[in-house]
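Novice: Got a predicted structure plus its sequence, pasted below:
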Amino acid sequence: MDSLTLFFTGALVAVGIYWFLCVLGPAERKGKRAVDLSGGSISAEKVQDNYKQYWSFFRRPKEIETAEKVPDFVDTFYNLVTDIYEWGWGQSFHFSPSIPGKSHKDATRLHEEMAVDLIQAKPGQKILDVGCGVGGPMRAIASHSRANVVGITINEYQVNRARLHNKKAGLDALCEVVCGNFLQMPFDDNSFDGAYSIEATCHAPKLEEVYAEIYRVLKPGSMYVSYEWVTTEKFKAEDDEHVEVIQGIERGDALPGLRAYVDIAETAKKVGFEIVKEKDLASPPAKPWWTRLKMGRLAYWRNHIVVQILSAVGVAPKGTVDVHEMLFKTADYLTRGGETGIFSPMHMILCRKPESSSPPPEESS
Ligand SMILES: C=C(CC[C@@H](C)[C@H]1CC[C@H]2C3=CC[C@H]4[C@H](C)[C@@H](O)CC[C@]4(C)[C@H]3CC[C@]12C)C(C)C
Ligand SMILES: C[S@@+](CC[C@H](N)C(=O)[O-])C[C@H]1O[C@@H](n2cnc3c(N)ncnc32)[C@H](O)[C@@H]1O
């Protein structure tokens, strides 16, 4: 091989490695690195067992129906996936419609700001983020509204990540994070000026329980908005493919059972809320939310190789490969759910707690 061929071969290999590692790299330039992937609060040697335990819930569906076990199962799930989510998606653990000419980052931020605009949060008010993850939405919302945001998540590892990010962003004076169960929140009655939940209440075994709890902590007259995961009017329970896609989404996203879109407003009314507005934010003219997920497939394939190497050399915990493979398959089910239109992750409901603090309908009868 002459020196010119050697030079061009070397340059090609270098460009290839750069593309593989950097262009197809992490979701955010300064985000999680592959070498830091962990099992959240689970020690490295227990990650594989916890992954098996997570799957055992689905082998015994009755377990998932047992409401008390769901928060633990969701907590295990987020220990397993939080680092991979941050590494491959960013700090906001939700979808948003694509916006022509805007980056994913901007589309995500606008979707989050819309939530706080809908509840008309004012500077200095106290707003609750129900199921806050590592706080991507909370930081966008606090910066946009200058309201004080209190987030709650069941997962302690996320609490620590969120606090770290809040501090780094210089938003720790406006953002506070609490570890707890949104079915029994450690907050006083009538203590918040507004609340929102972004793709989080889908983890509640009974929607009524989390809505009742949010209703309890809101001040009379204040508003709550939620972006809910639902099956749409296109979902047909007698269609085997539809059922396969929905079950695939439930298994890969720690869901005790997806709800039908018609159940959302019904449940909100049942606990006492007035419905101000209801809209599926995924329906046209909104552009597909699943484009980002589908376009990332090449990067996920590259991520899988990286995870396999890191796990083989003992840098990533054993079991990370299984978790990543599960997410890989989940991405496909979610995309199919979006393309067929049988599933939406952004069925928006805007509610108000009435001014008069009359008890919810059931309790008064
Ligand atoms: C609201 C929920 C989470 C929604 C999304 C944030 C996540 C759903 C599926 C996740 C992912 C799938 C594929 C992963 C990929 C294989 C990996 O290499 C990088 C991370 C993924 C892209 C990951 C990122 C987050 C999701 C899009 C649920 C749980 C209620
Ligand atoms: C998909 S993440 C969304 C996080 C955040 N809203 C966002 O968009 O980035 C769902 C969140 O709900 C939280 N969650 C699920 N069940 C919970 C429960 N019972 N109590 C408190 N938080 C819960 C999870 O810990 C996680 O933070």
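Specialist: It's in. Ligands and ions are numbered 1, 2, ... in the order given.

Novice: Enumerate the positions of stretch 163-174 that are buried.
Specialist: Of all the residues in stretch 163-174, those buried under the rule 16 or more other C-beta atoms under 10 Å are 163, 165-166, 169, 171-172, 174. Quick note: C-beta positions are derived from backbone N, CA and C, even for glycine.

Novice: How about stretch 176-186?
Specialist: Neighbour count says stretch 176-186 has 176-179, 181-183, 185 buried, by 16+ other C-beta under 10 Å.

Novice: Would you agree residue 87 is in contact with residue 37?
Specialist: Yes: Residue 87 is in contact with residue 37 according to C-beta atoms under 8 Å; the separation is 6.5 Å.

Novice: if I pick the residue lying closest to residue 129 once chain neighbours are set aside, what's in contact with it?
Specialist: Nearest residue to residue 129 in three dimensions, chain neighbours excluded: residue 151, at 3.9 Å (C-beta to C-beta, 6 or more residues apart in numbering). Going by C-beta atoms under 8 Å, 6 or more residues apart in numbering, residue 151 touches 128-129, 132, 135, 138, 162, 175-178.

Novice: Which of these ranks first by neighbour count?
Specialist: The most crowded member of the contacts of residue 151, judged by other C-beta atoms under 10 Å, is residue 138 (31 neighbours).

Novice: Return the per-residue confidence for that one.
Specialist: Listed pLDDT for residue 138 reads 98.

Novice: Ok, the one 5 residues further on next?
Specialist: The predicted local confidence for residue 143 comes out at a pLDDT of 98.

Novice: is it true that it touches residue 170?
Specialist: No: judged on C-beta under 8 Å, residue 143 makes no contact with residue 170 at a distance of 9.6 Å.

Novice: hang on, the earlier thing: what about ligand 2: which of the buried residues of stretch 176-186 touch it?
Specialist: 181-183 (C-beta under 6 Å from any ligand atom).

Novice: Return the member of the residues you listed nearest to residue 192.
Specialist: Checking these against residue 192 by C-beta to C-beta gives residue 182 as the nearest, at 12.7 Å.

Novice: ok so the closest one is a helix residue?
Specialist: No: with DSSP: H, G, I helix; E, B strand; the rest coil as the criterion, residue 182 is located in coil rather than a helix.

Novice: Tell me how far it lies from residue 332.
Specialist: The gap separating residue 182 from residue 332 is 29 Å, by C-beta to C-beta, to the nearest Å.

Novice: cool, and residue 34?
Specialist: 22 Å.

Novice: So residue 256 versus residue 229, what's the distance?
Specialist: 11 Å.

Novice: Among the two, which residue is more densely surrounded?
Specialist: residue 229 (25 against 22).

Novice: That one - that's part of a strand, no?
Specialist: Yes: counting by three-state DSSP, one finds residue 229 located in a strand.
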